[in-house]
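# The sequence and its predicted three-dimensional model are supplied below.
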Amino acid sequence: MRAPRSSGTHAATFALFALVVSSHAACTGTISGQSPDMGPQTNANDGGHGGRRDLGNGGTGTEVADGCTDAPLDLGPMFLRRLSNWELDNTVRDLLGYTGSVTKEFGLVNDALVASFDNNAEGITISTPVLEKLQIAVEGLAQKVAGTMAAANRLAKCDVAAKDCVTSFVRTFGRNAFRRPLTSDELTALNELAATGESNTDAIVQVIQGVLLSPHFLFRPEVGRGSDEGLVALTGYEVATRLSYMLSGTTPSPTLLDAAMRGELDSPQGVRSQAEALLKQPQAKAAVAHFYEQWLQLDALRGVAFDSQLFPDWKPTLADSMRQETSRFIEGYIWNTEGRLLSAFTAKHSFVNAELAKFYGVPAPSSEWQRIEWDNNSERVGLLTQGSVLTQTSKPDHASAIRRGRFVREQVLCSDIPPPPPSVPPLEPAQGKETERQRFERHTKDPACAGCHRLLDPVGFGLSRFNAIGQQMADDRGQPINDEGIVMGFERGGDLIDLKFKGAAELSEALATSPEVQRCMVTQAFRFALGRREVEQDRCAIARQTQAFVDAKENFPAWLASFVASDAFRLRPALSTQTAAETKL
């Protein structure tokens, strides 16, 4: 098979990059190794309350935060977002029918996780090496999907030797890939690129290369429509793009683009109607799973290993079983077969296969996966005591109160905990019959360690009845287990208190009824939906969405349909407003 000629593709690509720069100057972003400044982070020791960002609903869970009820909506700055690797694979599948993984087969650089998510604008910037990798991938992909006459005809849905077939393909494929109709300049550029092909088949290959290397495909420009100040409404096509990548993880379908063309996405009611339809599709479960797998950091289970002498019951296959357990468990709450989402913290059931049943010491299931109820003697309760959470928050040779406390603080309460300074000494081995708790308490007496550890360790101590691989323990080195803990700066009744609790059950019960956890749940989805971390300007938007989450009785799909129809999702700051906000930050 002849290698594709790339000179024409390069020329078209650079021409299209120029079009982006000239026509989408309102979008802030980066095409370099530098990420945008997302604003200052809250100090973890501010006020002694764990660095909690007060961007939420004021602590009641039933009322919008003070000053937000009637205040004009404000939003933090938006940034030009590149498709993540996951979104790229899904988009190529739906545009070209390619079922392989472009990112894996062509060795694309892994997306960096920022605030737990792989679609954050800070982590998916584009640099020259990344662009070169993308070029190689796109050229190889184009040959795979359209390198023969039969393949080109199948993709173009016409005989590429016919007079108007290539021109028709340019218009249709360009619209689907750019997620909007092509401009006259783009049509001309792509038809000229097609003409450089040495054959009709090669013309299709060249068009695919030119389109998929265009910034209009790789990025998601959002110019919007309306005034130059305040908040600007996105166009119907831009809303369709946000909506589809949020709820389906892929490019908008031709049907959704047609709805945008007819103006059906120009109103909240129209957006909600389309969202409700998308949420009924199989892709919605995959997109929501991509969200909660990153929120719960389930990818941390890949390759996890433990000292075989200390933990002989551990097998590498357990990690995948634990991941599936949590996925099956959380889906019941997200898709509302189990009830309100935060009830996942207090559930007395889970799901096991034969491997997990043996590991947990429960009867073997009668089918591949089976729901089980924990007996009254079990310390297991809800999400925090599942193997997926307990193992990913451990070290190879010991359970880590620090990591377990950080997981609760950052993933469940949305606190900002800074990384440890480089001068912090490592945790020393246990001395004699010293328990893990005593070992950590000795470590944190060091003044250099105490500041953050007083926020983390007392939370993690509540999970002390489980060892590093998630097995329940009767004692710790022959001594009684002390699983009393404290959550400093916990929100209750509108006040911040130091919540004392004993064991996983009391900790989980407090979290399940916490307005702070409700707000964090919304905040995590906000980060995922908008591809950025929240800033102070987003305080009222998050407060209102937290109230909407409460009103939806924590039914996640129902709240999602409401959220994407809201101004927080359908609007963006105007250029003048955004520039001022960035200067202020």
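Now that the structure is in, tell me what you want to look at. Numbering: from 1, shown residues only.

# Might one say that Q370 is in contact with H349?
No: counting by C-beta atoms under 8 Å, Q370 stays clear of H349, with 10.6 Å between them. The way it works is simple: take the backbone N, C-alpha and C, and place the C-beta from them, glycine included.

# Between these two, tell me which one has more neighbours.
Q370 (17 against 14; other C-beta atoms under 10 Å).

# Apart from its neighbours in sequence, what residue is nearest the more buried one?
With sequence-adjacent residues excluded and distances taken as C-beta to C-beta, 6 or more residues apart in numbering, Q370 is closest to V352, at 6.4 Å.

# what's the burial count for the one you found?
Per other C-beta under 10 Å, the neighbour tally for V352 reads 23.

# From Q537, how far out is it?
V352 sits 45 Å away from Q537 when distances are taken as C-beta to C-beta, to the nearest Å.

# Would you map the strands across this protein?
In the chain, the segments counted as strands under DSSP state E are 231-233, 349-352, 370-373, 394-395, 398-399, 484-492, 495-502, 571-573.

# if we compare those strands, which one ends up closest to R439?
strand 398-399 (8.0 Å; C-beta to C-beta).

# before we move on, the earlier item: please produce CSV containing the strands of the chain, extended by mean pLDDT and distance to A289.
Below are the strands of the chain laid out as CSV (pLDDT from 0 to 100; distance: least, C-beta to C-beta, whole Å):
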stretch, mean pLDDT, distance to A289
strand 231-233, 93, 30
strand 349-352, 98, 15
strand 370-373, 97, 19
strand 394-395, 95, 24
strand 398-399, 92, 28
strand 484-492, 93, 29
strand 495-502, 94, 31
strand 571-573, 94, 27
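
# Now E379. Nearest residue, chain neighbours left out?
With C-beta to C-beta, 6+ apart, the residue lying closest to E379 is R465, at 4.8 Å.

# what residues are up against the one you found?
379, 472-473, 481, 483, 503-504 (C-beta atoms under 8 Å, 6 or more residues apart in numbering).

# Recalculate using a threshold of 7 Å.
R465 makes contacts with 379, 472-473, 481, 483, 503, as judged by C-beta atoms under 7 Å, 6 or more residues apart in numbering.

# tally of neighbours for the nearest residue to K500 once chain neighbours are set aside?
Take K500 and drop its neighbours on the chain: the residue closest to it by C-beta to C-beta, 6+ apart is I486, 5.5 Å away. When neighbours are defined as other C-beta under 10 Å, I486 has 18 of them.

# ranges for the helices of the stretch 351-500 of the chain?
354-360, 387-392, 401-407, 436-443, 447-460 (DSSP state H, counting those that start in this stretch).

# Quick check: which of the ones you listed is buried the most?
helix 387-392 (a mean of 25; mean count of other C-beta atoms under 10 Å).

# Tell me the residue in the protein that is farthest from the middle.
Computed with C-alpha atoms, centre = their mean, the residue of the chain farthest from its C-alpha average is K163, at 45.2 Å.

# mind listing what that residue touches?
For K163, the set of contacting residues under the criterion of C-beta under 7 Å, 6+ apart is empty.

# oh, and call the first residue 25 from now on, that's how I've got it
From this message on, residue numbering opens at 25, which makes the last subject K187.

# Okay, it and N224: tell me how far apart.
Counting by C-beta to C-beta, the gap from K187 to N224 is 10 Å.

# Below-threshold pLDDT in the protein: ranges please.
In the predicted model, the chain carries pLDDT under 70 at residues 25-90, 251-252, 448-449, 467, 470-475, 600-609.

# Format the helices of the stretch 375-524 of the chain as JSON lines; extra columns: distance to N134.
What follows is the helices of the stretch 375-524 of the chain, written out as JSON lines (distance: least, C-beta to C-beta, whole Å):
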{"stretch": "helix 378-384", "distance to N134": "29"}
{"stretch": "helix 411-416", "distance to N134": "18"}
{"stretch": "helix 425-431", "distance to N134": "22"}
{"stretch": "helix 460-467", "distance to N134": "32"}
{"stretch": "helix 471-484", "distance to N134": "28"}
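
# just so I know, which of those lies nearest Q548?
Of all the helices of the stretch 375-524 of the chain, helix 425-431 comes closest under C-beta to C-beta, at 13.0 Å.

# list the contacts for the closest residue to P387 other than its chain neighbours?
For P387, ignoring the flanking residues on the chain, the nearest one in space by C-beta to C-beta, 6+ apart is A381 at 6.5 Å. When contacts are counted by C-beta under 7 Å, 6+ apart, A381 touches 387-389.

# ok, now E288?
Taking C-beta under 7 Å, 6+ apart as the definition of contact, the neighbours of E288 are G294.
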